[in-house]
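>>> coords please:
(one chain, ligands or ions: 1)
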Amino acid sequence: MHKENQNIDNSEPIGVFDSGIGGTSIWNEINLLLPSENSIYLADSKHAPYGIRSKEEIIRLSDKNTSLLLNKGCKIIVIACNTATTNAISYLRKKYDVPFIGIEPAIKPASLKTESKIIGILATKGTLSSSLFQETTNLYKQGIEIIEQEGTGIVELIENGKLDSEEMTLLLRSYVLPMVERGIDHLVLGCSHYPYLIPNLRKILPESITIIDSGYAVAIQTKAVLTQFNLLNKNSDAGQHQFYTNGTAEVLNLILGNRFTVLVKDF
Ligand code: DGL
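Okay, here's the model as predicted:
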């Protein structure tokens, strides 16, 4: 557990990383809930997708991102990536003495709310095959069928700015319509890139199917942990934000609505 440290400057930024631009969906929720917090976001787009990599590679990349953020003075690290969380968070927590917030697929709320007792989850191969995901799923699957679907190719299309392409529509239909046929009433989005697909998915899915993602829960947890460790920024001005990518600035700018300066660096 992180030691309470009176010497940490509360105005230091929250560090957020993802394999690319998807974690900005989590960053948005944090920024909405905690508008006075400063932040640094790392989009490791050069190494996306993480979801097809080995656990060792995901740990190595997550470690590199964490170390960069800590060198920039971050007071807490938000792993805005399900794949990195499910494969690397326990390693990172052992190695570094700062609080870590992770994101995991929202299996629990979906399994508590389902009436058809069939839920679907769309996530990366890396998340679905992780032991953390399997352990969580085992806790909630009594009497419930959980249909797992790998979202192969989706992250690549988003990273290439093809959110609204015909290719994306075809891919999404091929992944979610079989789950609809099997009677799901909840679809869990188990990857931080996927909330950007909600408008696309709403056009494909029947209205009766609820889409669940974990972004708001991560923001709530971030606030709780900052409060617990007395790390909330005492300055109430609007936070300052830095966005770094090792890919191209274009797609990150697009997804952020051109509201911030995006710095392109090799990391
Ligand atoms: N945003 C990452 C996640 O939440 C995408 C993983 C990937 O790069 O494959 O899992």
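>>> ok, and what's touching the helix or strand where G15 lies?
Using DSSP states H and E, G15 maps to strand 14-18. The contact list for strand 14-18 (Cβ atoms under 8 Å, 6 or more residues apart in numbering) reads 23-24, 26-27, 30, 34, 37-44, 62, 65-66, 69-70, 72, 74-81, 84, 192-193, 222, 226. For every residue, glycine as well, the C-beta is placed using N, CA and C.
>>> and stretch 140-152, does that touch the ligand?
No: using Cβ under 6 Å from any ligand atom, stretch 140-152 stays clear of the ligand, with a minimum separation of 8.3 Å.
>>> Just the element for Q149, please.
Using DSSP H and E, Q149 falls in strand 145-150.
>>> Same check on E156?
Under the assignment here (DSSP H and E), E156 is part of helix 154-159.
>>> elements contacting that helix?
Helix 154-159 sits against helix 166-181, with contacts defined as 3 or more Cβ pairs under 8 Å, 6 or more residues apart in numbering; DSSP states H and E.
>>> quick one: the helix it packs on to strand 145-150, angle?
Counting by axes from the mean of the first three to the mean of the last three Cα atoms, to 10 degrees, helix 166-181 lies at 160 degrees to strand 145-150.
>>> buried stuff in helix 166-181?
M168, L171, L172, R173, Y175, V176, M179, V180 (16 or more other Cβ atoms under 10 Å).
>>> ok, the closest residue to the fourth one other than its chain neighbours - contacts?
Excluding the flanking residues, the one nearest R173 by Cβ to Cβ, 6 or more residues apart in numbering is I204, at 5.7 Å. Taking Cβ under 8 Å, 6+ apart as the contact definition, I204 lies against T169, L172, R173, V176, L177.
>>> Just the CA trace of stretch 153-172, in PDB.
Backbone C-alpha positions of stretch 153-172 (Å, rounded to 0.1, in the frame of the first residue of the first chain) are rendered in PDB as follows:
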ATOM      1  CA  GLY A 153      -8.900  -5.300 -35.600                       C
ATOM      2  CA  ILE A 154     -11.100  -2.700 -33.900                       C
ATOM      3  CA  VAL A 155      -8.300  -0.900 -32.100                       C
ATOM      4  CA  GLU A 156      -6.200  -0.700 -35.300                       C
ATOM      5  CA  LEU A 157      -9.200   1.000 -37.200                       C
ATOM      6  CA  ILE A 158      -9.700   3.500 -34.400                       C
ATOM      7  CA  GLU A 159      -6.000   4.300 -34.200                       C
ATOM      8  CA  ASN A 160      -6.100   4.900 -38.000                       C
ATOM      9  CA  GLY A 161      -9.000   7.300 -37.700                       C
ATOM     10  CA  LYS A 162     -11.500   4.900 -39.300                       C
ATOM     11  CA  LEU A 163     -14.100   5.100 -36.500                       C
ATOM     12  CA  ASP A 164     -17.000   5.700 -38.900                       C
ATOM     13  CA  SER A 165     -15.800   3.500 -41.800                       C
ATOM     14  CA  GLU A 166     -17.700   0.800 -43.700                       C
ATOM     15  CA  GLU A 167     -15.000  -1.600 -42.500                       C
ATOM     16  CA  MET A 168     -15.800  -0.800 -38.900                       C
ATOM     17  CA  THR A 169     -19.500  -1.300 -39.400                       C
ATOM     18  CA  LEU A 170     -18.900  -4.700 -41.000                       C
ATOM     19  CA  LEU A 171     -16.500  -5.800 -38.200                       C
ATOM     20  CA  LEU A 172     -18.800  -4.700 -35.400                       C
END
